[in-house]
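give me a model of this one.
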Amino acid sequence: MSQIPTTPRARDPDFDPVPRSAPNATGAEESYLRLVANPFLAIAVVLLTLWSLRLIGRLPWAGGSKFALGVAVLMIGFVLGLRGLRYHCLDCGGSGRLTRWRSHLCPAVAERRLSGQARRWRGPTPGLQLLLILWVLVAIVVFIGPGSFRF
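Reported below is the predicted structural model:
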């Protein structure tokens, strides 16, 4: 009976652990991205939803179904408003959903990641930018007065 010679198995490099000196090993993706939050499409959806609710309130034929129509319009407006929250890349000019801003990769970002060189000015993340924009809009509405807005 002949024996088959066994050789040690070659290691697959895909299963090797990531070295700590690799670029972006810290998980700080935002240090390589230059993104701006863009909530203006979502704001337009909110204003359109409020205008639609006002129109539903004036419908003479709706009767008891005004509540159901209003809930449907609110749900559609909420979903479309969340999908309207966008980011804008200052490097490539690309745009995407705000929930996916960490996965944005364009040639300039890839070059910064490979070189390990973070962006020069670390501003707020797109989520914090969105929060600041919304606070400014609320301050403007409070300053002008809610009675000034007619739908």
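
could you export the least confident helix or strand in the chain by mean pLDDT as CSV, CA atoms only?
Lowest by mean pLDDT, DSSP states H and E among the helices and strands of the chain is helix 107-115, with a mean of 84. Output of helix 107-115 as CSV, limited to C-alpha atoms (Å, rounded to 0.1, in the frame of the first residue of the first chain):
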residue,chain,number,x,y,z
PRO,A,107,-10.8,58.3,-6.4
ALA,A,108,-9.8,61.3,-4.2
VAL,A,109,-11.0,59.5,-1.0
ALA,A,110,-9.3,56.2,-2.1
GLU,A,111,-6.1,58.1,-2.6
ARG,A,112,-6.3,59.7,0.8
ARG,A,113,-7.1,56.3,2.5
LEU,A,114,-4.2,54.5,0.7
SER,A,115,-1.7,57.2,1.6
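
what element comes up after that helix heading to the C-terminus?
Per DSSP states H and E, the first helix or strand lying C-terminal to helix 107-115 is helix 126-144.

what average pLDDT does that following helix get?
Helix 126-144 shows a mean pLDDT of 88 in the predicted model.

list the buried residues in that helix.
Using 16 or more other C-beta atoms under 10 Å as the test for burial, helix 126-144 gives 126, 129-130, 133. Where you see a C-beta, it was placed from the backbone N, CA and C, and this is true even at glycine.

out of those residues, who's nearest residue 94?
residue 126 (13.2 Å; C-beta to C-beta).

can you get me a residue count around the closest residue to residue 73 other than its chain neighbours?
The shortest distance from residue 73 to any non-neighbouring residue, by C-beta to C-beta, 6 or more residues apart in numbering, is to residue 52 (5.0 Å). Neighbourhood size, residue 52 [other C-beta atoms under 10 Å]: 18.
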